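Colleague: quick check, what structure comes out for this input:
(one chain, ligands or ions: 2)
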Amino acid sequence: MGVAKGASPTSGSHPLERRERKSKGEGEGKGCTGERRRGSPVTSGPDGRLARAEAGAGASGSEEWKRGQARGWAEDGETGKNYTRSFPGIRARISRGGASGPITAAMSTMCSGGGRRMPHVLTVAGSDSGAGAGIQADIKACGALGAYCSSVVTAVTAQNTVGVQGVHPIPEEFVEEQLRSVLEDMGVDVVKTGMLPSVGVVKVLCQSLKKFPVRALVVDPVMVSTSGDVLAESSTLSGYRDELFAMADIVTPNVKEASALLGGVPLRTVADMYSAAKSIHNLGPKNVLVKGGDLPGSSDAIDIFFDGKKYHELLGSRVKTRNTHGTGCTLASCIAAELAKGLPMLRAVQNAKTFVQYALDYSKDIIIGNGPQGPLDHLFSLETHSCNARARSFNASDLFLYAVTDSTMNRKWNRSIVAAVKASIEGGATIIQLREKEAETCEFVEAATACIQICRSSGVPLLINDRIDVALACDADGVHVGQSDMPARIARKILGPGKIIGVSCKTPAQAEQAWADGADYIGCGGVFPTATKQNNTTVGLDGLKSVCLASKLPVVAIGGIGVVNARSVMEIGAPNLKGVAVVSALFDRECILTEARKLRSVLTDSISENCR
Ligand SMILES: Nc1ncnc2c1ncn2[C@@H]1O[C@H](COP(=O)(O)OP(=O)(O)O)[C@@H](O)[C@H]1O
Ligand SMILES: Cc1ncc(COP(=O)(O)O)c(N)n1
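Modeller: Numbering: from 1, shown residues only. Ligands and ions are numbered 1, 2, ... in the order given. Down below sits the predicted model:
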């Protein structure tokens, strides 16, 4: 294999070469069949408590791995939801910036009554002395998203913004020892891999994961740094293909890595990325994300996600910056952190992409080092909070199926707000707004507090219509205001940077104002006539389109939208139209859950067709 470009004299007897000499017979007499040194392999169950795996033999290790997989990450996210339910308050705690030390698996058993577990990612990767990529990026990214991150170091690199000057792999036996130390004790939820310098390390990792199963495995198949320096022996590819991919919940190659994994097929276009995602999926992972940060000549940053059945094109606007070192490591770590928090896969990937986009944008002007590739500031959100600037926690894809409650309809169908919210989430609503125009304040706060519990455990944001006091009282995720309600700029002052604010807009001028006032999204409508809001002029599909084209913010369409016309709305051809908001189509129906499912499937079909 090649060595890192410009390797320094210290790497003269190149450690990667030394590894090659040692690697004969690697994988023999170790791993699954090896003696356990301390205690039994320990895994944590979906309820966060410990389960003991059988020590030793490869066969039982594999069985345990399969069982771990079975109780782990279902693609539909159901298991993830259950898991989140076991740790109520995680979202709330994170948003308050609470910190705690690591709670070990053993401790979490001991204090299952009163203690709390943190979502835990273990990164198995190389150290980057410049701290832009590798272990250092992983720890920062997980920390920024509220996950605890432990680390198994596979190699130490001498690296800066110019490139990689030296690589010093850690002996396989010691990688194994680190893995054992963390996995048998610390209750890891998700393992994320980065630089695995040799096929021997890949094997050691596979064996360790069979002994100590985790809920999910995120594999970033790092081969070459952005600076063009080699970070893994080429034989590592066979380790990925032969064993690790089959265990992976997601694999995240960039275009060069995807090409290498597929024997050198060139990837020049988005269409090439689609077919690469499919071919890599055939190598065994449950999901594939082909990252297009380095796609030549692309004006957008497009990634292709494939779950074996459906493709999703994840679109980001390309940030013009030299500070792109470590984006891939960051993305994979964010996916791992979101999975550890209990999110289903697609949502974890979307959130991770949003995080990288914001981090790139925030860091675009920072100056660290003199070379061509600078690092990101992963902890940008801490700074924005401390400067009282705008925190960027809003995810526009949450607008996809926006359920707005209505007390009159709930009374008509004899159900509580809580029951209505629960059913809409179960049916697939991605954000909830409580619009209770006539409720008594005390009753409203009580209902909103109960709804918050449900929303938090499902990872669905909850906004309050108009009543900023109620939003504050129940620590809702934000508010939605109309043109005659509290102006968005004042709502922003009261609520601070961390809350979501949406504004109803009918015209491009109102959309411009909402953006200037610090809103996160706009709701545009009524698109069609509706009985829900009296004296409400409709804007029609043309009006919606002109507001979308003028808006710098993401848009959700509202007003008379339901199963029969949702597709026509989504097909107006505005990239910032992120979804539809519905009232009567859900809440003035006998079965909210069934209607939500129908709507969700219409919306999903309309966007996946638009993607192709
Ligand atoms: N300049 C950029 N602007 C916006 N997003 C980017 C940019 N460069 C990379 N990304 C995004 O960062 C993530 C990491 O991608 P990439 O840079 O291709 O990975 P790697 O670091 O492994 O080469 C992807 O989601 C990609 O779309
Ligand atoms: C230790 C280590 N791990 C991963 C990367 C890849 O990051 P990038 O592609 O941004 O150079 C790196 N340069 N160093």
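
Colleague: and this structure, which residues reach ligand 2?
Modeller: The chain comes close to ligand 2 at residues 125-126, 128, 133-134, 157, 159, 194-195, 222, 225-226, 231, 325-326, 328-329, as judged by C-beta under 6 Å from any ligand atom. (C-beta placed from N, C-alpha, C; glycine too.)

Colleague: filter these down to the ones close to ligand 1.
Modeller: For ligand 1, the contacts drawn from the residues of the chain next to ligand 2 by C-beta under 6 Å from any ligand atom are 226, 328.

Colleague: which of the residues of the chain next to ligand 2 fall in strands?
Modeller: 125-126, 128, 157, 159 (DSSP state E).

Colleague: wait, which of these is closest to ligand 2?
Modeller: For those, the closest approach to ligand 2 (C-beta to the nearest ligand atom) belongs to Gly126, at 3.1 Å.

Colleague: who are the contact partners of that closest one?
Modeller: 134-135, 153-157, 167, 194-195, 197, 222, 231 (C-beta atoms under 8 Å, 6 or more residues apart in numbering).

Colleague: go with 7 Å
Modeller: Taking C-beta atoms under 7 Å, 6 or more residues apart in numbering, we find Gly126 in contact with 134-135, 154-155, 157, 194-195, 197, 231.

Colleague: can you redo those as CSV with pLDDT and neighbour count?
Modeller: Shown next, in CSV, are the contacts of Gly126 (pLDDT from 0 to 100; neighbours: other C-beta atoms under 10 Å):
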residue, pLDDT, neighbour count
Gly134, 98, 29
Ile135, 98, 26
Thr154, 98, 32
Ala155, 98, 26
Thr157, 97, 26
Gly194, 98, 29
Met195, 98, 28
Pro197, 97, 27
Leu231, 94, 26
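
Colleague: that older thread, among the residues of the chain next to ligand 2, which are in helices?
Modeller: Using DSSP state H, the members of the residues of the chain next to ligand 2 that fall in helices are 134, 328-329.

Colleague: the domain parsing of this structure - what is it?
Modeller: Domain assignment of the chain by automatic domain parsing yields the ranges 9-39+58-87+118-364, 396-611.

Colleague: most packed of these?
Modeller: Highest mean neighbour count of these: domain 9-39+58-87+118-364, a mean of 21 (counted as mean count of other C-beta atoms under 10 Å).

Colleague: run the chain-centre distance for that one.
Modeller: Distance of domain 9-39+58-87+118-364 from the chain centroid (C-alpha atoms, centre = their mean, to the nearest Å) equals 14 Å.

Colleague: and the residue most central in space within the chain, how close does it get to Lys140?
Modeller: Nearest to the geometric centre of the chain sits Ala348, at 2.6 Å (C-alpha atoms, centre = their mean). Taking C-beta to C-beta, to the nearest Å as the criterion, Ala348 is separated from Lys140 by 18 Å.

Colleague: just to revisit the earlier point, which single one of the ones in helices among the residues of the chain next to ligand 2 is nearest to Ser457?
Modeller: Nearest to Ser457 among those: Cys329, at 29.9 Å, using C-beta to C-beta.

Colleague: which residues touch the closest one?
Modeller: 133-134, 137-138, 194, 220.

Colleague: what does Ala359 give?
Modeller: Per C-beta under 7 Å, 6+ apart, neighbours of Ala359: 330, 376-378, 380.

Colleague: try Ser606
Modeller: Counting by C-beta under 7 Å, 6+ apart, Ser606 touches 567, 570-571.

Colleague: let me know the secondary structure of Phe394.
Modeller: Three-state call for Phe394 (DSSP: H, G, I helix; E, B strand; the rest coil): coil.

Colleague: distance-wise, check it relative to ligand 1.
Modeller: Using C-beta to the nearest ligand atom, to the nearest Å, we find Phe394 at a distance of 18 Å from ligand 1.

Colleague: again with Ala248
Modeller: In terms of C-beta to the nearest ligand atom, Ala248 sits 16 Å off from ligand 1.

Colleague: tell me the strands in the stretch 201-350 of the chain, going along the chain?
Modeller: 216-219, 250-251, 287-291, 300-306, 311-317 (DSSP state E, counting those that start in this stretch).

Colleague: quick check, the last one touching ligand 1?
Modeller: Spelled out, it's strand 311-317. Yes - applying C-beta under 6 Å from any ligand atom, one finds strand 311-317 touching ligand 1 at Gly316.

Colleague: cool, the fourth one as well?
Modeller: Yes - residues of strand 300-306 are located near ligand 1 by C-beta under 6 Å from any ligand atom, namely 301, 303.

Colleague: counting by contacts, list what that strand packs against.
Modeller: Using 3 or more C-beta pairs under 7 Å, 6 or more residues apart in numbering; DSSP states H and E, the elements in contact with strand 300-306 are helix 270-281, strand 287-291, strand 311-317, helix 345-363.

Colleague: would you turn those into JSON lines with distance to Thr236?
Modeller: Shown next, in JSON lines, are the helices and strands packed on strand 300-306 (distance: least, C-beta to C-beta, whole Å):
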{"stretch": "helix 270-281", "distance to Thr236": "15"}
{"stretch": "strand 287-291", "distance to Thr236": "18"}
{"stretch": "strand 311-317", "distance to Thr236": "27"}
{"stretch": "helix 345-363", "distance to Thr236": "24"}
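
Colleague: let's have those in CSV, adding mean pLDDT.
Modeller: Shown next, in CSV, are the helices and strands packed on strand 300-306 (pLDDT from 0 to 100):
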stretch, mean pLDDT
helix 270-281, 97
strand 287-291, 98
strand 311-317, 90
helix 345-363, 90
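
Colleague: compare these and give me the one nearest Leu183.
Modeller: It's helix 345-363; of the helices and strands packed on strand 300-306, that one is closest to Leu183 (C-beta to C-beta) at 21.3 Å.

Colleague: and that closest one with strand 311-317, angle?
Modeller: Relative orientation of helix 345-363 versus strand 311-317 (axes from the mean of the first three to the mean of the last three C-alpha atoms, to 10 degrees): 10 degrees.

Colleague: show me which residues of this structure are close to ligand 1?
Modeller: 226, 254, 291-294, 301, 303, 316, 318-319, 324, 327-328, 331, 353, 356-357, 360.

Colleague: can we see that at 5 Å?
Modeller: Residues of the chain lying close to ligand 1 by C-beta under 5 Å from any ligand atom are 254, 291, 293-294, 301, 303, 316, 318-319, 324, 327-328, 331, 353, 356, 360.

Colleague: spatially, which two of these are the most separated?
Modeller: Asn254 and Val319 (16.2 Å).

Colleague: re the thing from before, of the domains of the chain, which shows the lowest average pLDDT?
Modeller: In terms of average pLDDT, domain 9-39+58-87+118-364 trails the rest of those, at a mean of 82.

Colleague: any idea how far Leu379 lies from ligand 2?
Modeller: 18 Å.

Colleague: just give the nearest non-adjacent residue to that residue, would you?
Modeller: Distances taken as C-beta to C-beta, 6 or more residues apart in numbering place Ala144 nearest to Leu379, at 5.7 Å, with adjacent residues excluded.

Colleague: wait, that neighbour touches His378, no?
Modeller: Yes - between Ala144 and His378 there is a contact under C-beta atoms under 7 Å: 5.2 Å.

Colleague: about what we covered before: closest to ligand 1 among the contacts of Gly126?
Modeller: Gly194 (9.5 Å).

Colleague: residues in contact with that closest one?
Modeller: Gly194 neighbours (C-beta under 7 Å, 6+ apart): 123, 125-126, 134, 138, 220, 222, 329.

Colleague: ramachandran coordinates for it?
Modeller: Phi and psi for Gly194, reported as degrees, to the nearest 10, are phi -120, psi -120.

Colleague: where does Ala131 land in three-state SS?
Modeller: coil.

Colleague: err, Ser151, not the other one
Modeller: Judged by three-state DSSP, the three-state class of Ser151 is strand.
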